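**Q** 3D, please:
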Amino acid sequence: MAMELERECPSCGAETFYRAGSTTLHLGEKVKWHCTECEYGFVKINGIDSSETPA
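**A** Predicted coordinates for the structure are as follows:
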């Protein structure tokens, strides 16, 4: 998996996140991402993004 993710930060508007850590759970892989410019972070578990809100 990539160590960087190109995506706009909702907090500061920066374009790059770095992979802060990962682990394997019974649900799949959990990956923590953090903004390179501010302290904003989010988690993806098996491709599901914690920062996305359901419609």
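**Q** C-alpha only now, for contacts and for neighbours.
**A** Fine.
**Q** quick check: longest strand of the protein.
**A** Identified as the longest strand of the chain according to DSSP state E is strand 16-25.
**Q** whichever helix or strand comes after that strand pairs with which strands?
**A** The C-terminal neighbour of strand 16-25 among helices and strands, as given by DSSP states H and E, is strand 28-35. Taking DSSP bridges as the criterion, strand 28-35 forms sheet pairs with strand 16-25 (antiparallel), strand 41-45 (antiparallel).
**Q** low pLDDT regions in the chain?
**A** 1, 53-55 (pLDDT under 70).
**Q** go ahead and flag the most central residue of it.
**A** Trp33 (3.3 Å; Cα atoms, centre = their mean).
**Q** residues in contact with the residue lying closest to it once chain neighbours are set aside?
**A** Leaving aside its sequence neighbours, Trp33 sits nearest to Arg19 (Cα to Cα, 6 or more residues apart in numbering; 4.7 Å). By Cα atoms under 8 Å, 6 or more residues apart in numbering, the contact list for Arg19 reads Ala2, Met3, Glu4, Leu5, Val31, Lys32, Trp33, His34.
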